[in-house]
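Chemist: let's see this in three dimensions:
(2 chains)
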Amino acid sequence: GAGVSQSPRYKVAKRGQDVALRCDPISGHVSLFWYQQALGQGPEFLTYFQNEAQLDKSGLPSDRFFAERPEGSVSTLKIQRTQQEDSAVYLCASSPGLRDSYEQYFGPGTRLTVT
Amino acid sequence: DAKTTQPPSMDCAEGRAANLPCNHSTISGNEYVYWYRQIHSQGPQYIIHGLKNNETNEMASLIITEDRKSSTLILPHATLRDTAVYYCIVSDVQGAQKLVFGQGTRLTINP
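Modeler: This next block holds a predicted model:
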């Protein structure tokens, strides 16, 4: 079956531009996560949704970062007024969210370069 | 979440067993040990997890010490496609919890 997909795969933005990154989770998955991965580092948690509810946004680095999942499926991560330090790979992961589900399924990521 | 410590890099010959260590001395009783790997330019991929007992699946084996303060991921017959960064993570709930990645171990399988 289809895995987690993300679009675009690559995005180049000029400093100060707004960007929107899309995540299509596996159909029926309740939980959705966003992570940020800087070059040479492990992924870092940004935010978590259970269906349409954003239950944890403690990892969002600033108020320029905003995520939504209005219908409990597709999610969008928006970054306003991009800065060079926002350059990273943005990973989306989904999980069934059931008590006995252990695995998070990751998409290929969107590589954002801010020039 | 408990912190994990892994060697930054390891090498292994193709066809041999790769043994990747992880220290998690502050792990608490309800925390699981998870292993993920990330092949270049891909998202992380789940490998295996365990609580107390040793576990085995089609990809790997996980050996957890009796005091649960360390574990070893074993790839029994490493292939070139196993070259990746391997992350050891501890988490206290199942898949609905955020994962706290460290730096991981960069494993290189040599022909």
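Chemist: who in chain A is up against chain B?
Modeler: Chain A has residues A:4, A:30-31, A:33, A:35, A:41-45, A:48, A:50, A:56, A:59, A:91, A:93, A:95-109 near chain B, with proximity defined as C-beta under 8 Å from any C-beta of the partner chain. The C-beta positions use only the backbone N, C-alpha and C, and glycine is treated the same way.
Chemist: which of these are buried? Put it as a ChimeraX command.
Modeler: In ChimeraX, this line selects whichever of the residues of chain A next to chain B come out buried by 16 or more other C-beta atoms under 10 Å in any protein chain shown:
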select /A:4,30,31,33,35,42,43,44,45,48,50,59,91,93,95,96,97,102,103,104,105,106,107,108,109
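Chemist: which of the residues of chain A next to chain B fall in strands?
Modeler: Using DSSP state E, the members of the residues of chain A next to chain B that fall in strands are A:31, A:33, A:35, A:44-45, A:48, A:50, A:56, A:91, A:93, A:95, A:105-106.
Chemist: identify the farthest-apart pair in the residues you listed.
Modeler: A:44 and A:50 (20.0 Å; C-beta to C-beta).
Chemist: centroid-nearest residue for chain B?
Modeler: residue B:35 (3.4 Å; C-alpha atoms, centre = their mean).
Chemist: with chain A instead?
Modeler: Geometric centre of chain A, nearest residue: residue A:34, 3.3 Å, by C-alpha atoms, centre = their mean.
Chemist: separation between the closest residue in space to that residue that isn't next to it in sequence and residue A:54?
Modeler: In this structure, residue A:34 finds its nearest non-sequential neighbour in residue A:46, 4.2 Å apart by C-beta to C-beta, 6 or more residues apart in numbering or on different chains. Going from residue A:46 to residue A:54 by C-beta to C-beta, to the nearest Å gives 11 Å.
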